[in-house]
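S.K.: The following block contains a protein sequence and its predicted model.
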Amino acid sequence: MTKKFAENAIDRRLFLKHTAVAGAALGLMGRGLAQQQPTADQLVRGKNPKLVVLSSRPIVMESTLELLASERITSKANLFIRNNIDLPGLNTTEPNVQPRWEIEVTGLVDKPFKITVEELSRLPQTEVTTVLQCSGNGRTFFNPRPSGNPWTYGGIGQVVWRGVLLKTLLEAKGVKLDPRARFITMNASTQGGALPYEKSFPISVMEYNSAMIALGMNGEPLPAVHGGPARLVAAGTFGAPNVKWISKIEFAAGESTGSEQVPRYRVPILPGWNLPILPTEPGSRYNYTLENSRSNWGANINSFILSPLPGSTVKGRIVEVRGVAWNDGLVPIESIEVSVNGGTSWRKAIIEGNDGKFGWYRWVSPQLLAPGEYEVMARATDAVGRTQPLNGNIWWNERGYEWNGVMRVKFRVT
Amino acid sequence: MKQRYLIGVAILAGVALYSALGSNALPEGPGRDLVLQKCQSCHEIGFVTRERQSRERWDAIITEMQGYGMRLSAEERAVILNYLATYLAPGAQAPAPAPQAQPASVSGAQVYNNCIGCHQANGTGIPGAFPPLAGHVPSILAARGGREWLVQMMLYGLQGPISVKGVSYNGIMPAYAHLSDAEIAAVLNHISTQWGNSFPSGQGPFTEAEVRAQRGKNLTAQQVLAARQQLGLR
């Protein structure tokens, strides 16, 4: 079940030849011409050039607060990308039309089966609006900075998915789960020579997170770069296990032991202790095991200020501070409090509405502000009292996941 | 299966170069070449250059990469770890950008280093991913409007489905508007005369003026694609 990135499956000679060429050319370039990092639209057709490219291979790009503020549902042009493995030829927001694409459903079920995308599209479809977020979003705010892609705020978006619930699928196929099944392990396609990617979810996502095979996004066929023709989506969870280009779903007793499951995409915990993340000394090492850590599954509670934008100048005296808040969707968000005086006093914002329990809660806080410099903070709390730390670094973890520190935005009022 | 890996890796190795060029370079120091050789077959070198980590953490990162299948001898491992722990330690500065000394005359071969990552040193490209230039550029030159189109493609890029010698491509050719007129002319002359390619009779080398004439049109890569369809290439 574990997989190695099969360097040994590679023709060594060819491999060496190409890396040698690369090395040689690099040497030359040091003295050579000015180079430019390709922009988002050059890497992925249909992306907004304003997205910030964090890596061109694999493709990783983040949105900006400005773009997120500009639309209620994040359009495919503005949605972040976090590929672990690029599938050749799919760097486009156009659909990936492959009706014969097959997904294998296997493991602890009485009747394993395969189903094509075409057949899936004829089963009852469900729509769910979710906040899709990379668990590394906000990583750069941890200090010292953990390794990994340098996300600021843009590894997030609110998206409408359409697809077939796993429950619906099993029912339609008349397939029964073995009671020993505790996890769902998903594999991405290796089409075109792509390396494998494997992640597990607890089986509870079928009950609590509308786990589905999504075929559509924002009212269109799923864009190729976002996993088209089919990906897994579990509402209220972090992005990593929402496997794109899904080719296999396996029901299993234990979670995957591949490196995507451990040590990657995990935070430390103290088993049996009631703390979301075990605080570790910033800068220290942690030896992740399946027992002393947990996977980035449910999204932790968080809120963003989307207006005013950082560094902007706005007209006083009435300034509407606006933003969004979200959590894992298991209980409602109850309040968003806003402070304009460094946390001395907080005032409840008005919740204008939300796009379903897994979507964004839109909030606004009108403030009466004289001309001057301000720093505004926002903090969300949900019905079971989960809230955001004033100092997000309290959750510092070696790999920089699940940042949810209170956001601070500096702006000027004229 | 093996065949698929071969293609995959060839693409990886090719694109590796391309991405590496854009990212901030690694500081000079013993082991630098080994890092360049070992650390960009699976991801771009930016994954490495952007980090500032302690020796302990780098040690763990290398172990993790070995878990992904990276092959290293004990000696190589030690050299790489020393390099990373020294030059990419917390607080280490990125190297100053290489001085922009403009060579008196630009050599097309030198500019072509920009292209090797995708089209390969021998101009054969990678079937299905990057089209060949060897044995192909002359047919573009020979088409009516082909010369101007080549300049436009260099300045504004190209993206969308094309077919070259019966093989389909649907990738992105980046725009190179940031190169000087002289550099673009030089690289076009290079790809027009290398690997057995030659200018059709009656055509001479590209000039800077020819490049300048296509600037300021602000075409999109899609418009360049549409223009390509007018060339009547087969």
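M.R.: Looks like it arrived, so ask away.
S.K.: hey, where'd the helices end up in the stretch 51-200 of chain A?
M.R.: Counting by DSSP state H, counting those that start in this stretch, the stretch 51-200 of chain A has these helices, from start to end: A:65-69, A:117-121, A:166-173.
S.K.: Any stretches of the stretch 251-400 of chain A with poor pLDDT?
M.R.: The stretch 251-400 of chain A contains no residues with pLDDT under 70.
S.K.: Oh, that last question was meant for chain B, not what I typed.
M.R.: In chain B, residues with pLDDT under 70: B:1-25, B:96-105, B:117.
S.K.: Could you chop it up by domain?
M.R.: Under the assignment automatic domain parsing, the domains of chain B span B:2-87, B:108-229.
S.K.: I'd like those as TSV, with mean neighbour count appended.
M.R.: For glycine as for every other residue, the C-beta is placed from the backbone atoms N, C-alpha and C. Below are these laid out as TSV (neighbours: other C-beta atoms under 10 Å in any protein chain shown):
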stretch	mean neighbour count
domain B:2-87	19
domain B:108-229	18
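S.K.: Could you export the ones you listed as a markdown table, including distance to chain A?
M.R.: Formatted as a markdown table, the domains of chain B follow (distance: least, C-beta to the nearest C-beta, whole Å):
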| stretch | distance to chain A |
| --- | --- |
| domain B:2-87 | 3 |
| domain B:108-229 | 5 |
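S.K.: could you redo the ones you listed as CSV and give each row distance to A:Asn296?
M.R.: Formatted as CSV, these follow (distance: least, C-beta to C-beta, whole Å):
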stretch, distance to A:Asn296
domain B:2-87, 17
domain B:108-229, 31
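S.K.: Okay, strands next: where are they in the stretch 251-400 of chain A?
M.R.: Counting by DSSP state E, counting those that start in this stretch, the stretch 251-400 of chain A has strands at residues A:266-268, A:293-295, A:302-307, A:313-314, A:318-326, A:333-339, A:347-348, A:350-354, A:361-368, A:372-382.
S.K.: wait, chain B
M.R.: Counting by DSSP state E, chain B has strands at residues B:158-159, B:162-164, B:167-169, B:172-173.
S.K.: okay, those strands in CSV with distance to A:Pro241 next?
M.R.: CSV is the format used below for those (distance: least, C-beta to C-beta, whole Å):
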stretch, distance to A:Pro241
strand B:158-159, 32
strand B:162-164, 37
strand B:167-169, 33
strand B:172-173, 29
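S.K.: residues in contact with the closest residue to A:Tyr288 other than its chain neighbours?
M.R.: Distances taken as C-beta to C-beta, 6 or more residues apart in numbering or on different chains place A:Pro263 nearest to A:Tyr288, at 3.7 Å, with adjacent residues excluded. Contacts of A:Pro263 were listed using C-beta atoms under 8 Å, 6 or more residues apart in numbering or on different chains, and they are A:Tyr288, A:Ser293, A:Arg399, B:Glu64.
S.K.: and the closest residue to A:Leu275 other than its chain neighbours, what is it in contact with?
M.R.: The shortest distance from A:Leu275 to any residue other than its chain neighbours is 7.0 Å, reached at A:Ile269 (C-beta to C-beta, 6+ apart). Contact partners of A:Ile269, counting by C-beta under 8 Å, 6+ apart, are A:Leu275, A:Pro276, A:Ile277, A:Leu278, A:Asn292, A:Ser293, A:Arg294.
S.K.: how about these, which pair is most distant?
M.R.: A:Pro276 and A:Asn292 (14.6 Å; C-beta to C-beta).
S.K.: I'd like to know how far the residue of chain B most remote from its centre sits from A:Trp396.
M.R.: Taking C-alpha atoms, centre = their mean, the residue of chain B most remote from its mean C-alpha position is B:Glu56, at 33.7 Å. Remark: distance between B:Glu56 and A:Trp396 (C-beta to C-beta, to the nearest Å) = 16 Å.
S.K.: List only buried entries from the contacts of A:Pro263.
M.R.: A:Tyr288, A:Ser293, A:Arg399 (16 or more other C-beta atoms under 10 Å in any protein chain shown).
S.K.: Do I have it right that the second one meets A:Tyr265?
M.R.: I take that to be A:Ser293. No - using C-beta atoms under 8 Å, A:Ser293 is not in contact with A:Tyr265; the gap is 9.7 Å.
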